[in-house]
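Undergrad: any chance you could fold what I've pasted below:
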Amino acid sequence: MKATRKIREKYNDTQHMIIQYLNSGLEKGKHYFKSKYIAKELGLSPKEVGTNMAILSEICQELAIIKWSYSNSTTWMVTSRPV
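TA: Residues are numbered from 1 along each chain as shown. Next up is the predicted model:
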């Protein structure tokens, strides 16, 4: 619960939704995420997702987010960072 509060204070609502989505995917064993599929699931535009993923790749301490490739949509590789 404490980690959730820190995430909410550090990130805006859109970034918080994306982080939750990514964490949920990581729990299921996924490590690659396309912006267009994140957007579809969360009701956002792919551009909005891409912009926020780029920001999160620089500021997110909980996840390592790396722009991986582009084919019809940007693909991001995401892993958990050790605590």
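Undergrad: could you identify the helix or strand that succeeds the helix or strand of the chain with the lowest mean pLDDT?
TA: One helix or strand of the chain scores below all others by mean pLDDT, DSSP states H and E: helix 2-10, with a mean of 57. Proceeding N to C from helix 2-10, the next assigned helix or strand is helix 13-27, under DSSP states H and E.
Undergrad: in that next one, which residues are buried?
TA: Within helix 13-27, the residues scored as buried using 16 or more other Cβ atoms under 10 Å are 14-19, 21-22, 25. In short, each C-beta sits where N, CA and C put it, glycine included.
Undergrad: and what of stretch 76-83?
TA: So for stretch 76-83, counting by 16+ other Cβ under 10 Å, buried means 76, 78.
Undergrad: ditto for stretch 32-39
TA: For stretch 32-39, by 16+ other Cβ under 10 Å, it's 33-36, 38-39.
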